[in-house]
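got a sequence here, can you build the structure:
(one chain, ligands or ions: 1)
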Amino acid sequence: MPTSPLPPGSTLGILGGGQLGRMLSQAASRLGFDVVILDPEAGSPAGRVSARQIVAAYDDPEALSELGRSCDAVTFEFENVPAASVERLAGSGARVAPGPLALSTAQDRVVEKTFLNDAGAPTVAFASVDTVEDLKAAVQTLGLPALLKTRRDGYDGKGQAWIRSPEDVETAFAAIGGRPAILEAAADFVRELSVIAARRADGEIAVYPLGENSHAGGVLRTTIAPATASAGTQARAHEIASAILNGLDYVGVIGVELFELADGTLLVNEIAPRVHNTGHWTQDGCVCDQFEQHVRAVVGWPLGPTAAHARIEMTNLLGDEIEQWPALAAAPDVRLHLYGKAEARAGRKMAHVNRVMGPA
Ligand code: AMP
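Now for the predicted structure:
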């Protein structure tokens, strides 16, 4: 991938028109770029703040060729982009980042965990499972409790089933649809952390301070960042993120979800080859947020500063929690980020707020 900077006035394409695409588009337009969104739904949250939206499926060959032709660089707001789509875009001459290796690695939990351990970023013990017999053998090896997850297409805790006793094996396998799966040993973590980092094509890396995350029902509720963490933990997170970025020859922003164990060990839960919900705090805690950082990396600009100037509590507003907006708009210490979604379906991410807790 070329390392020369694309000048303002160039065009950036984004596959996906949700809130991540919207905030990427806003950051790109602030730097003088035009943005084209590809999303199957007309009037998507990102499409409404961009120069143009191509309304088509993510695997529509003509739409992909058109996106590639009209853009100088193309990126993604989600990781489950079909591999053939990435190849078609790359063939159009536009810079495409992150690349096919990062996407294919993050799309399959067994490939991902194998890569992570090889790269020096340790995970829980795991086993690949295709049949009930595989699952029984994996339970013997890993012990219980253990968490069964589909290899592909899982997000926000979906496609997962806990196995707590040997009798759960068959129900758990049926619960995830009998699909190719991974069995993971239970991580006995004291808290969940994440690190957002970026890499340019020339190998330069920038890493944000750690965030501490809490989930409910598999969905992120809050991130507090910078997390209280020892210098050793920060340094280890930096080392892990760098190993992953270099191992994937990565270009762009990545989210790395971590488990912290009682003895301070960090294990990687998963990686997201894109801007990440646990990095939204950077919008109000840092001079250069994760969205601008991603655009900078993709278009070959210098990476921005990652130091925090404020401590932030980021809270997601799900479904009808969006109705709290008038009180939140009146609060002196919060910044509202609304996604412009018309329908507040239960559990749908509608907005987030960043509350300034104090200096970093
Ligand atoms: P994931 O979809 O892999 O991010 O998992 C969603 C949530 O399930 C994580 O944020 C953890 O709270 C929990 N979880 C995932 N994997 C494990 C594991 N191996 N051990 C314990 N908890 C886990």
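
so for the worst-scoring helix or strand of the chain on mean pLDDT, what gets flagged as buried?
Lowest mean confidence among the helices and strands of the chain (mean pLDDT, DSSP states H and E): helix 83-91, at a mean of 88. Using 16 or more other Cβ atoms under 10 Å as the test for burial, helix 83-91 gives Ser85, Val86, Arg88, Leu89, Ala90. Any C-beta I mention is one placed from the backbone N, CA and C, and that applies to glycine too.

elements contacting that helix?
helix 61-70, strand 95-96, helix 100-106 (3 or more Cβ pairs under 8 Å, 6 or more residues apart in numbering; DSSP states H and E).

these: which one's closest to the ligand?
helix 100-106 (11.5 Å; Cβ to the nearest ligand atom).

and for the closest one, what are the contacting residues?
By Cβ atoms under 8 Å, 6 or more residues apart in numbering, the surrounding residues in contact with helix 100-106 are 76, 79, 81, 83, 86-87, 90, 111-112, 115, 248-250, 254, 270-273.

buried stuff in the next helix or strand after it?
Moving toward the C-terminus from helix 100-106, the next helix or strand (DSSP states H and E) is helix 109-118. Buried residues in helix 109-118, defined by neighbour count with 16+ other Cβ under 10 Å: Arg109, Val110, Val111, Glu112, Lys113, Phe115, Leu116.

cool, and stretch 95-107?
Neighbour-count burial for stretch 95-107 [16+ other Cβ under 10 Å]: Arg95, Val96, Ala97, Pro98, Gly99, Ala102, Leu103, Ser104, Thr105, Ala106, Gln107.

do the same with stretch 309-329
For stretch 309-329, the neighbour count (16+ other Cβ under 10 Å) marks Ala310, Arg311, Ile312, Glu313, Met314, Thr315, Asn316, Leu317, Leu318, Ile322, Leu328 as buried.

gap between the two ends of that stretch?
22 Å (Cα to Cα, to the nearest Å).

check stretch 308-323 too.
Termini of stretch 308-323 sit 30 Å apart (Cα to Cα).

that stretch: how far from the chain's middle?
17 Å (Cα atoms, centre = their mean, to the nearest Å).

what does that stretch rub up against?
By Cβ under 8 Å, 6+ apart, stretch 308-323 touches 208-209, 211, 219-226, 277-278, 280-282, 284-287, 324-325, 338, 344-360.

get me the contact residues on the stretch 1-150 of the chain for the ligand.
Residues of the stretch 1-150 of the chain lying close to the ligand (Cβ under 6 Å from any ligand atom) are Val124, Leu147.

what's the distance between Pro61 and Ala94?
Separation of Pro61 from Ala94 (Cβ to Cβ, to the nearest Å) stands at 15 Å.

neighbour count winner among the two?
A count of neighbours by other Cβ atoms under 10 Å puts Ala94 above the other of Pro61 and Ala94, at 20 against 12.

now do the contacts for that one.
Contacts of Ala94 (Cβ under 8 Å, 6+ apart): Gly13, Leu67, Gly68, Arg69, Cys71, Asp72, Ala73, Val74.

also Gly304?
Ala206, Val287, Cys288, Glu292, Gln293, Arg296.

list only buried entries from these.
By neighbour count, with 16+ other Cβ under 10 Å, those hold Ala206, Cys288, Glu292, Gln293, Arg296 as buried.

mind checking pLDDT for Pro100?
On pLDDT, Pro100 comes in at 92.

isn't Ala125 up against Leu142?
Yes: contact status for Ala125 versus Leu142: in contact at 5.6 Å, counting by Cβ atoms under 8 Å.

need the residues touching each of the two.
Counting by Cβ under 8 Å, 6+ apart, the shared contacts of Ala125 and Leu142 are Glu184, Ala185.

which other residues reach stretch 170-186?
With Cβ under 8 Å, 6+ apart, stretch 170-186 has contacts from 109-110, 113, 123-130, 132, 135, 138-139, 142-143, 145-152, 159-163.

is the residue nearest to Arg109 when sequence neighbours are not counted within a helix or a strand, and which one?
Nearest residue to Arg109, sequence neighbours excluded (Cβ to Cβ, 6 or more residues apart in numbering): Ile182, at 4.5 Å. Take DSSP H and E as the rule and Ile182 turns out to sit in strand 181-185.

partner strands of the helix or strand following that strand, with direction?
Remark: after strand 181-185, the chain's next helix or strand is strand 189-199, criterion DSSP H and E. Sheet pairing of strand 189-199 (DSSP bridges) gives strand 205-207 (antiparallel), strand 211-216 (antiparallel), strand 252-261 (antiparallel).

strand 189-199: which residues count as buried?
Residues Phe189, Glu192, Leu193, Ser194, Val195, Ile196, Ala197, Ala198, Arg199 are the ones in strand 189-199 that count as buried (16+ other Cβ under 10 Å).

now narrow those residues to whatever sits close to the ligand.
Applying Cβ under 6 Å from any ligand atom to the buried residues of strand 189-199, those adjacent to the ligand are Glu192.

of the buried residues of strand 189-199, closest to the ligand?
Glu192 (5.5 Å).

what about the closest residue to the closest one other than its chain neighbours, distance to the ligand?
Leaving aside its chain neighbours, Glu192 sits nearest to Asn213 (4.7 Å; criterion: Cβ to Cβ, 6+ apart). In this structure, Asn213 and the ligand are 7 Å apart, going by Cβ to the nearest ligand atom, to the nearest Å.

in the sheet, which residues pair with Asn213? Tell me.
Asn213 has these beta-bridge partners by DSSP bridges: Glu192, Thr223.

got the contact list for it?
With Cβ under 8 Å, 6+ apart, Asn213 has these contacts: Glu192, Leu193, Ser194, Leu220, Thr222, Thr223, Glu257, Thr278.
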